[in-house]
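Engineer: Here's a sequence, model it:
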Amino acid sequence: MTQPAWLARAVFYQIYPQSFYDANGDGIGDLAGIEAKLDYLADLGVNALWINPCFVSPFKDAGYDVADHDSIAPRYGTHADFVRLLAQAHRRGMRICLDLVAGHTSDQHPWFVESQRSAANDFTQRYIWTNNPWVRRDEELDFISGTSDRSGAYATNFFAHQPALNYGFGQPTRSYQQDVDAPGPSATRAALRQTMKYWLDLGVDGFRVDLAGSLVKRDPEHFGVRRLWREIRAWLDANYQDRVLISEWGNPEIAIDAGFHVDFMQHVGVPGYDALMLGPDSFPKRRELPYFDSRGNGDFRRFWRSFEFQQRRVAGRGLISLPSSNHDFVRPRHQRDFDDLKVLYAFLFTWPQLPCLYYGDEIGMRYVEGLTSKEGGYERTGSRTPMQWDDSALAGFSTDPGATPYLPIDPQNDRPTVAAQRADRNSLWHHVERLIYLRVTESDLAPDASLTLLTENSGYPLVYRRGGSLIVALNPGLDTHTLELPPLGDAAAVLAQRCQVMHGPTGWRLRIGARGYGVFTVS
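Structural biologist: This is a model prediction of the structure:
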């Protein structure tokens, strides 16, 4: 299976649409707001967008409870707004991927309304139902009953209002559990493909698939779900060759084998990634100190063992992505300052992976603590607050300064803004802009360019070579280090902060200060 050529230079930017920019003044971000900020995104340098669910929904789970897969939610705009956004993005050479919620729907979806009926119909087996209403739990599945006169209970995927779609069971053991090729699961697969076709025919460039590995139940070796996605991938390659599938699986080895182009090696479910970014004060809770922490007590080897294992298994077949954060996790600014983030981002944009920047992380937006849950956000709500564009009312989030925003703005007086950081050449925004430019234009930073670690031990400092001509040095800690390295060629600094190379008779002497970083070309 081949990769679309554009992925090699892609830098993704995740947009949580309700929190990005409110163009109509109702306090909720919208598609017209995204369109209005496309030039901003082009200036930053990103060239691919992942938009969180923007479909019709009761919004009990921020849009991950879809009630109509083929219609834009009115709060975000119209079908015409989406078509215009897509055209304007493509005119700027920017790709758009939508969030595909494949494993469940809202309980208000027309499919589920029909599935609840006591009389058999075309949707009776679209969801997972037991044969009696008294089941509450069966192995890994939770069930809800009493919502209709159908004599059974339905399985949920996440919240109670999200019934699980029926893709079958890899190892059926109960009378209600159907084989993956039974009529019900077959019809669900056909409906999934039809939904994808609808948006692909409009011109979308692919999908990020929510909970991609969970569709087939009781499938311990992932045989059933891998077969499902391989069939989808073969169909995609035959009909939409330059489109991509990005999975929320958290296990690249399996996800890429299943046919995905990209898998997020994210904070939960992947041994070692928590050792990179998440610390004890973050959610999800972790006991270990992360490597990117100024205390300097982390250990890069924990992440390296996991990454290197996965990278060897997907090399040449797919890509790993390490997101800066997303709507489900604490932002990287949490318990860090801008100097910390500059070192972290120097890593993310020079490491052999597909970068994905969560909106607002480019200016170091904070995780806002203590917010009341909104639309099922709970502790995640503080990572979903409105984008901070300027110092005006509502931080420039809405065209109506008197609007009530979807979520409260960061209340602190020193909250970072796009306007202030774009005016400061030493800001985090400009640091990210330079890194993105380097990532997009330098072939030695492509995901498939070679990586050689030049340091060992815990990784303070961390030095590595990318391709044949780039050396990267990082020091998240507060200690200054002087490192003797073999001859690596004549060095020229591309980006450097508190980091310098001196040439001696036996090789390099690299000196890197507290929270220093350096990217050097060698010849």
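
Engineer: Can you read off the pLDDT for Asn457?
Structural biologist: On pLDDT, Asn457 comes in at 87.

Engineer: my guess is Leu236 meets Leu245, correct?
Structural biologist: Yes - with contact defined as C-beta atoms under 8 Å, Leu236 reaches Leu245; the gap is 6.7 Å. Bear in mind the C-beta positions are built from the backbone N, C-alpha and C, glycine included.

Engineer: Measure how buried Trp34 is and give me the count.
Structural biologist: To be clear, residue 34 is Ile; Trp isn't right here. 27 (other C-beta atoms under 10 Å).

Engineer: Pop out the phi and psi values for it.
Structural biologist: phi -60, psi -40 (degrees, to the nearest 10).

Engineer: In contact with it, which residues are there?
Structural biologist: Ile34 is in contact with 15, 17, 20-21, 49, 51, 85, counting by C-beta atoms under 8 Å, 6 or more residues apart in numbering.

Engineer: Which member of those is positioned nearest Glu231?
Structural biologist: Nearest to Glu231, judged by C-beta to C-beta, of the contacts of Ile34 is Ile51 at 25.6 Å.

Engineer: who are the neighbours in contact with that closest one?
Structural biologist: Neighbours of Ile51 in contact, by C-beta under 8 Å, 6+ apart: 15, 17, 34, 96-99.

Engineer: and with 10 Å instead?
Structural biologist: 13-17, 20, 31, 34, 76, 82, 85, 96-99, 204, 208 (C-beta atoms under 10 Å, 6 or more residues apart in numbering).

Engineer: go on, Ala258?
Structural biologist: When contacts are counted by C-beta under 10 Å, 6+ apart, Ala258 touches 212-213, 222, 225-230, 232-233, 245, 247, 249, 251, 318.

Engineer: Need the three-state assignment for Phe347.
Structural biologist: Three-state assignment for Phe347 (DSSP: H, G, I helix; E, B strand; the rest coil): helix.

Engineer: For it, the count of nearby residues, please.
Structural biologist: 22.

Engineer: OK, contacts around it?
Structural biologist: Applying C-beta under 10 Å, 6+ apart, the residues contacting Phe347 are 276-277, 291-292, 300, 322, 353, 435, 462, 464, 472, 474, 476, 517.

Engineer: Sort out for me which of the contacts of Ile51 are in helices.
Structural biologist: 31, 34, 82, 85 (DSSP state H).

Engineer: if we can go back for a sec, can I get the contacts of Ile34 in JSON lines including pLDDT and distance to Glu362?
Structural biologist: JSON lines is the format used below for those (pLDDT from 0 to 100; distance: C-beta to C-beta, whole Å):
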{"residue": "Ile15", "pLDDT": "98", "distance to Glu362": "12"}
{"residue": "Pro17", "pLDDT": "98", "distance to Glu362": "17"}
{"residue": "Phe20", "pLDDT": "98", "distance to Glu362": "13"}
{"residue": "Tyr21", "pLDDT": "98", "distance to Glu362": "14"}
{"residue": "Leu49", "pLDDT": "98", "distance to Glu362": "14"}
{"residue": "Ile51", "pLDDT": "98", "distance to Glu362": "17"}
{"residue": "Leu85", "pLDDT": "98", "distance to Glu362": "20"}
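
Engineer: would you turn those into TSV with distance to Ala155?
Structural biologist: Conversion of these to TSV gives the following (distance: C-beta to C-beta, whole Å):
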residue	distance to Ala155
Ile15	31
Pro17	29
Phe20	34
Tyr21	38
Leu49	33
Ile51	28
Leu85	35
